[in-house]
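Asker: Turn this into a structure:
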Amino acid sequence: MRHLERQPYTRVEVGAILQAAQHGRTPQRDHLLLELLLETGARSAEIAGLKVDDVSFEQRTVLVLGKGNRERIIPVGVASQSDGGPLFRALRAYLPIRQHQAMRAPERVGKQLLLTAAGFPLTPEGVTDIVKRLGNAAGVEDAIPHRFRHLYATIYLTTFPGDEIGLRRIMGHLSDDVLRTYVHLSQATLAQRAGRASPTQNWLHERNA
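Answerer: Residues are numbered from 1 along each chain as shown. Just a heads-up that it's a prediction; the model follows:
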């Protein structure tokens with residue numbers, strides 16, 4: 001049985017969803033939501049539960065509250081870029097809009113980072129609805145937040161092969177079954193890269209063609 005929910009997004013699919021976010025009712029919020037999903041690998045509930053101060057530009061981190069009320073710190077951003085990279089640019093674009101919404105009903109909003117168009121705190125179900133809506137607009141099948149989590153894990157293990165402990169520290173609890181899936185996907189990606197980089201294929205075959 002093929003588990004669609006465990007298939008990471010492709011680069012083309014991510015690009016299409018990001019593009020779709022620019023044309024909705026709340027483009028700044030939707031863009032930030034997608035950047036958070038991409039850069040943290042966090043669950044919907046963890047993203048929805050973020051407070052404004054949980055995203056730190058100074059530390060380049062996101063603090064999430066995971067299962068069992070366990071906090072974990074996730075490194076984010078681009079160290080080589082003085083503005084922090086795409087996530088922090090999206091954050092700066094969204095915060096003035098959030099502030100305007102919060103001024104209308106501060107007692108309702110509290111410190112919640114992501115708000116609905118009506119100014120209510122965004123729920124985990126709301127995160128799922130947004131991703132599905134953007135996926136439909138982008139023509140991406142099976143668009144759900146959890147696939148961003150799988151994408152993060154696959155890219156992490158492709159970049160740092162064998163560092164399952166590091167991945168678990170960032171992503172929180174992972175069952176052995178899910179971790180094996182991530183390892184399998186990352187190994188498949190590495191195998192594809194090795195094939196593209198093969199001197200036999202790229203030099204000898206081309207020379208003899």
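
Asker: How about residue 38: what's its closest non-neighbour residue?
Answerer: Nearest residue to residue 38, sequence neighbours excluded (CB to CB, 6 or more residues apart in numbering): residue 148, at 5.9 Å. Where you see a C-beta, it was placed from the backbone N, CA and C, and this is true even at glycine.

Asker: Skip the chain neighbours and tell me the closest residue to residue 68.
Answerer: residue 173 (7.9 Å).

Asker: and that neighbour, how many neighbours?
Answerer: 10 (other CB atoms under 10 Å).

Asker: Quick check: it vs residue 92, distance?
Answerer: The gap separating residue 173 from residue 92 is 32 Å, by CB to CB, to the nearest Å.

Asker: which residues make contact with stretch 124-142 from outside it?
Answerer: Residues from elsewhere that reach stretch 124-142 (CB atoms under 8 Å, 6 or more residues apart in numbering): 4-5, 7, 9, 13, 16-17, 19-21, 23-24, 30, 33-34, 37, 43-45, 47-48, 114, 116, 143-145, 148.

Asker: Could you measure from the nearest residue in space to residue 166 that is not next to it in sequence over to residue 154?
Answerer: Closest residue to residue 166 apart from its sequence neighbours, by CB to CB, 6+ apart: residue 160 at 6.4 Å. Computed as CB to CB, the residue 160 to residue 154 distance reads 12 Å.

Asker: Which one's more surrounded, those two?
Answerer: The neighbour comparison of residue 160 against residue 154 (other CB under 10 Å) goes to residue 154, with 24 against 12.

Asker: quick one: the more buried one from residue 113, how far?
Answerer: Counting by CB to CB, the gap from residue 154 to residue 113 is 26 Å.

Asker: What residues does residue 112 make contact with?
Answerer: Per CB under 8 Å, 6+ apart, neighbours of residue 112: 50, 51, 52, 121, 122.

Asker: Now the fourth one: closest residue in space, sequence neighbours ignored.
Answerer: Excluding its sequence neighbours, the residue lying closest to residue 121 (CB to CB, 6+ apart) is residue 112, at 3.9 Å.

Asker: And the third one, by the same measure?
Answerer: If the residues on either side of it in the chain are set aside, residue 52 comes closest to residue 113, at 5.1 Å by CB to CB, 6+ apart.

Asker: do the second one as well
Answerer: Closest residue in space to residue 51, ignoring its immediate chain neighbours: residue 111 at 4.2 Å, by CB to CB, 6+ apart.

Asker: Next, give phi and psi for that neighbour.
Answerer: phi -100, psi 10 (degrees, to the nearest 10).

Asker: What is the burial count for it?
Answerer: Using other CB under 10 Å: residue 111 sits among 12 other residues.

Asker: which residues touch it?
Answerer: 51, 52, 53.

Asker: Mind putting these into TSV with neighbour count?
Answerer: Below are the contacts of residue 111 laid out as TSV (neighbours: other CB atoms under 10 Å):
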residue	neighbour count
51	13
52	16
53	9
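
Asker: Just confirm residue 182 is within a helix.
Answerer: Yes. Residue 182: assigned to a helix according to DSSP: H, G, I helix; E, B strand; the rest coil.

Asker: Correct me if wrong: it contacts residue 171.
Answerer: No. Applying CB atoms under 8 Å as the test, residue 182 and residue 171 come out as separate, 9.1 Å apart.
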